[in-house]
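Student: Here's a sequence, model it:
(chains A and B)
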Amino acid sequence: GNSVTQMEGPVTLSEEAFLTINCTYTATGYPSLFWYVQYPGEGLQLLLKATKADDKGSNKGFEATYRKETTSFHLEKGSVQVSDSAVYFCALWDSGGGADGLTFGKGTHLIIQP
Amino acid sequence: NAGVTQTPKFRILKIGQSMTLQCAQDMNHNYMYWYRQDPGMGLKLIYYSVGAGITDKGEVPNGYNVSRSTTEDFPLRLELAAPSQTSVYFCASSPRPHLGEAFFGQGTRLTVV
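Tutor: Numbering: from 1, shown residues only, chains lettered A, B, ... in the order given. Sure, this is the predicted structure:
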């Protein structure tokens, strides 16, 4: 079956630090990959996506590259802000899985201190 | 532009009670989903629908039922509430699941005591 593994949190950084949140996956087909963000008290929002190997998704200063050879989709940002504090979820949708919905990792809680 | 609307936002149920979590979307999306989110466990798919009149089980369907009589509405029914159903429930919709563009509601926090 499909699965997503992401680094455990919480991750605590100072403002302007470099961020990496690791994500690896297993899939039966050829998945599309996503990062979602959940701010306190809210639902999830799509942050960025990549639908094929070597694609780079980017949004709001965040980036992630679809690496098929390492089955990874690590999230990076060069300089984090306090407003980036949230829970980040790596997810996949497997084209071989029909309309089963997204498979999510457990989430990484990011805390940015001023 | 309302997006995905869930009601209620909070609810406390006693063991054995029943309730329906409401979900409505105004984006004319065919695909709709119910997830539950438990601390440290990510989101688990309960049920999903690919269009009006069509529903199917996800990863954790036991104790729940759904219906999809219209494109807009996708209610989730708990028949006999149990403490294990204490969770945060999210409804989502998508126009194109292969692109992962799922739009989520703000969630319903349910406590069963």
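
Student: Tell me who's in contact with residue A:87.
Tutor: A:9, A:37-38, A:107-110 (Cβ atoms under 8 Å, 6 or more residues apart in numbering or on different chains). Where you see a C-beta, it was placed from the backbone N, CA and C, and this is true even at glycine.

Student: Export those as JSON lines, with columns for pLDDT, secondary structure and distance to residue B:103.
Tutor: Shown next, in JSON lines, are these (pLDDT from 0 to 100; DSSP: H, G, I helix; E, B strand; the rest coil; distance: Cβ to Cβ, whole Å):
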{"residue": "A:9", "pLDDT": "84", "secondary structure": "coil", "distance to residue B:103": "25"}
{"residue": "A:37", "pLDDT": "96", "secondary structure": "strand", "distance to residue B:103": "13"}
{"residue": "A:38", "pLDDT": "92", "secondary structure": "strand", "distance to residue B:103": "13"}
{"residue": "A:107", "pLDDT": "93", "secondary structure": "coil", "distance to residue B:103": "18"}
{"residue": "A:108", "pLDDT": "95", "secondary structure": "strand", "distance to residue B:103": "22"}
{"residue": "A:109", "pLDDT": "94", "secondary structure": "strand", "distance to residue B:103": "23"}
{"residue": "A:110", "pLDDT": "96", "secondary structure": "strand", "distance to residue B:103": "22"}
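
Student: Please pick the buried ones from the residues you listed.
Tutor: Burial by neighbour count, judged by 16 or more other Cβ atoms under 10 Å in any protein chain shown, picks out A:9, A:37-38, A:107-108, A:110 from these.

Student: Tell me if I'm right that residue A:43 and residue B:105 touch.
Tutor: Yes: if you go by Cβ atoms under 8 Å, residue A:43 and residue B:105 touch, sitting 5.3 Å apart.

Student: Overlap of the contact sets of the two?
Tutor: B:4, B:90, B:92.

Student: of these, list those near chain A.
Tutor: Near chain A, judged by Cβ under 8 Å from any Cβ of the partner chain, the entries from these are B:4, B:90, B:92.

Student: quick one: strands adjacent to the strand or helix carrying residue B:48?
Tutor: In this assignment (DSSP states H and E), residue B:48 forms part of strand B:43-51. Paired strands of strand B:43-51, with direction, are strand B:31-37 (antiparallel), strand B:54-57 (antiparallel) (DSSP bridges).

Student: Off-centre distance for the first one?
Tutor: The one in question is strand B:31-37. Put simply, strand B:31-37 sits 5 Å off its chain's centre (Cα atoms, centre = their mean, to the nearest Å).

Student: Let's see the distance spanning stretch B:79-86 from one end to the other.
Tutor: 14 Å (Cα to Cα, to the nearest Å).
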